[in-house]
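Visitor: structure of the sequence below:
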Amino acid sequence: MSGYFGILVSDPWLQNQFTQVELRSLKNQFLTMRREHGRVTVGDLPSRMSKLKIVGDNLTEEERASSLLESYQNMEEEVDFELFLRVYLKLQARVNARLGGGAKNSSAFLKAATTTLLHTISESEKASYVAHINSYLGEDAFLKKCLPMDPLTNDLFEIAKDGVLLCKLINVAVPGTIDERAINTKRVLNPWERNENHNLCLNSAKAIGCTVVNIGTEDMIEGRPHLVLGLISQIIKIQLLADLNLKKTPQLVELVDDSKDVEELLSLPPEKILLRWMNFQLKKAGYKKVITNFSSDVKDGEAYACLLNVLAPEHTNPAMKSVKSPLERAKLILEHADRMGCKRYLTPKDIVEGSPNLNLAFVAHIFQNRNGLSSETKQISFLETMPDDTQISREEMAFRLWINSFGNSTYINNVFEDVRNGWVLLEALDKISPGIVNWKIATRPPIKMPFRKVENCNQVVKIGKQLKFSLVNVAGNDIVQGNKKLILAYLWQLMRYNILQLLKNLRYHSHGKEIVDADILNWANKTVRDAGRHSHMESFKDKSLSNGTFFLDLLSAVEPRSVNWSLVTKGESDEEKKMNASYIITVARKLGCSIFLLPEDIMEVNQKMMLTLTASIMYWFLKKPTEERPVVASDSENGNSSETISNSSDDCASETSTE
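Guide: Down below sits the predicted model:
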């Protein structure tokens, strides 16, 4: 390892335990610890690593301390970065041992960043995901040449190296996320084209809710198995849980008794809804236990046997009741599922060993195939009367995905519910402006005392005022109460502050000039004009932006070969506008912009999203070395359709201000 990290990490063995992305993340955590406390000793590590949530929430402070006492006698020894990394590896190994040792539980769905420092993979998970990909992408025109894959080989990781497979898998999970016209699909891709595909993959993965904090384009190009498998597991989970919400499956209201419970159901993450559904069906059959997880609670197979008997009694095998061996019962369960037409995501051994990822996938697929719910319930009529504010819904999604992209300890599923204790907002503030949060007066969830939530939110409001947000007559209790309008307003100002600070630090580092919205507007118009294009935007709410022409001109100006003009429409009808908008978002992500908007935001000229889109393109462009920037885009009008090459090697644009 060379460069800056080589100075910090001289031990070759230690260097080989981490990717550079992992080292960068750990370095930031180590520096935060040093910045907050000055000198750090071995004895200080348990409490300070717990506070910063280093190695997640799987170890208590006491467990960290006992683990260190086993290896280090001198608790007063000062900690440098190499010692910090050794402690990290030791604690991570302890966590993995607790989870079941090595490969069995290595790539957890969305619960943490998608890397594990032991770099192990589950062969059973790999086989399951390969079968899933073969099933859903086997008929794809481009991928036919390499599918079906053999799960016993490393074909998956080799095929993933060009980025096409992962991009198409994202579109299976959330159709329309990527405009596939922009994917580089030549038979032999050069390094820039592969890099573009992985930029597109990682930025699109963030845009559907994956956690990709510790993954870079180089990792994907190298086909690192634990990273590829971790990302694939998240994408497949998002696909399998897509119907577990009231909008897609209104029959889910059968799980609750009244309108108050419906509101609670709206705030639950998909996994919790799936568990509630499973327990609802089990209760029908008189099953006494409550299932709380997809691991230890289902290992004996009894809950599965009962669930399948409720949902598909016509396929029941009488032998299932008398069998004593959990492994034999698991075999009969999967035979029952096969007769129902459910794909297998696991083997009998996976059930008995309690593989959480594969059990969740199995139950989710059963739900998709046969949920056993009725549409004749009184709550559905209540659901139909609830207001459906599409604008609020889209903004909530954009802010939720943006916050989750930071890789904080708390993964949020519903902004309006999950920010009410203040902790998520404090974490986001600390990422955007390190050191601004006074953690000594903050309370970490779970929070039982309501006034502690108010204290957290009071600090959120205080910091917002410190950052000059518009918060007239706003108090912490307004956030605790779940005031949607106020929460969206706060998050918009936070997102805007983040991107403006990124631009300020990048362009005016020497004299610290503040960036304002007008600077971004003027830069965009000048860049388009200098490239010889004639489109112009009056403001970020200029209705002419709806046809997409200006943003296509801007993208072409910052990277002349990025836009294939033969794919661009005139943007006259709604359909043409949507095609252009989808193409704009995909091209921007392909270059390296981390953006969280939908084609509808461009078509409707959502002022907030127009600003973030423009600022993200500006940020990506200004990060490029000066010699790589085009002076003018002379042939942009006739952009080459077969060679879509970017000079960028970065995998994110407006990611966080900690860059």
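Visitor: how about the residue nearest to residue 608 when sequence neighbours are not counted, what does it touch?
Guide: Nearest residue to residue 608, sequence neighbours excluded (CB to CB, 6 or more residues apart in numbering): residue 492, at 5.6 Å. Using the backbone N, CA and C atoms, a C-beta is placed for each residue, glycine as well. Counting by CB atoms under 8 Å, 6 or more residues apart in numbering, residue 492 makes contact with 395, 399, 608.
Visitor: please, which helix or strand holds residue 492?
Guide: helix 484-507 (DSSP states H and E).
Visitor: tell me where the stretch 551-659 of the chain has helices.
Guide: 574-591, 599-603, 607-623 (DSSP state H, counting those that start in this stretch).
Visitor: got CSV for these, with mean pLDDT too?
Guide: Output for the helices of the stretch 551-659 of the chain, formatted as CSV (pLDDT from 0 to 100):
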stretch, mean pLDDT
helix 574-591, 98
helix 599-603, 97
helix 607-623, 96
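Visitor: turn the ones you listed into TSV, columns for distance to residue 216 and mean neighbour count.
Guide: Shown next, in TSV, are those (distance: least, CB to CB, whole Å; neighbours: other CB atoms under 10 Å):
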stretch	distance to residue 216	mean neighbour count
helix 574-591	15	22
helix 599-603	27	20
helix 607-623	15	23
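Visitor: now distance to residue 210 too, for those helices, in a markdown table please.
Guide: A markdown table is the format used below for these (distance: least, CB to CB, whole Å):
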| stretch | distance to residue 210 |
| --- | --- |
| helix 574-591 | 13 |
| helix 599-603 | 20 |
| helix 607-623 | 18 |
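Visitor: if we can go back for a sec, pull the distance from the helix holding residue 492 to the chain's centre.
Guide: Centre-to-centre, helix 484-507 and its host chain are 19 Å apart (CA atoms, centre = their mean, to the nearest Å).
Visitor: only alpha carbons, please: show it as CSV.
Guide: Output of helix 484-507 as CSV, limited to C-alpha atoms (Å, rounded to 0.1, in the frame of the first residue of the first chain):
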residue,chain,number,x,y,z
LYS,A,484,-44.2,16.5,8.6
LYS,A,485,-43.9,20.0,7.0
LEU,A,486,-41.3,21.1,9.6
ILE,A,487,-39.3,17.9,9.3
LEU,A,488,-39.1,18.1,5.5
ALA,A,489,-38.2,21.8,5.7
TYR,A,490,-35.4,21.0,8.2
LEU,A,491,-34.0,18.1,6.1
TRP,A,492,-34.1,20.2,2.9
GLN,A,493,-32.0,22.9,4.6
LEU,A,494,-29.6,20.3,5.9
MET,A,495,-29.2,18.7,2.4
ARG,A,496,-28.7,22.2,0.8
TYR,A,497,-26.2,23.1,3.5
ASN,A,498,-24.3,19.9,2.9
ILE,A,499,-23.9,20.4,-0.9
LEU,A,500,-23.1,24.1,-0.5
GLN,A,501,-20.3,23.3,2.0
LEU,A,502,-18.9,20.6,-0.3
LEU,A,503,-18.7,23.2,-3.1
LYS,A,504,-17.2,25.8,-0.8
ASN,A,505,-14.5,23.4,0.5
LEU,A,506,-13.7,22.3,-3.0
ARG,A,507,-13.7,25.5,-5.0
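Visitor: mind listing what's buried along the helix or strand following it?
Guide: Sequence order places helix 517-530 as the next helix or strand after helix 484-507, per DSSP H and E. Across helix 517-530, burial judged by 16 or more other CB atoms under 10 Å covers 519, 520, 521, 523, 524, 525, 527, 528.
Visitor: give me the helices and strands touching helix 517-530, please.
Guide: Packing partners of helix 517-530 (3 or more CB pairs under 8 Å, 6 or more residues apart in numbering; DSSP states H and E): helix 549-558, helix 607-623.
Visitor: just put the contacts of residue 492 in CSV and tack on distance to residue 417.
Guide: Below are these laid out as CSV (distance: CB to CB, whole Å):
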residue, distance to residue 417
395, 15
399, 13
608, 22
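Visitor: quick check, nearest of these to residue 22?
Guide: Nearest to residue 22, judged by CB to CB, of the contacts of residue 492 is residue 399 at 27.1 Å.
Visitor: now do the same contact list for the closest one.
Guide: Residue 399 touches 415, 488, 491, 492, 495, 596, counting by CB under 8 Å, 6+ apart.
Visitor: nearest residue to the spatially most central residue of the chain in space, please, no chain neighbours.
Guide: The centre of the chain sits closest to residue 210, judged by CA atoms, centre = their mean, with a distance of 2.3 Å. Once flanking residues are discounted, residue 210 sits nearest to residue 234: 4.3 Å by CB to CB, 6+ apart.
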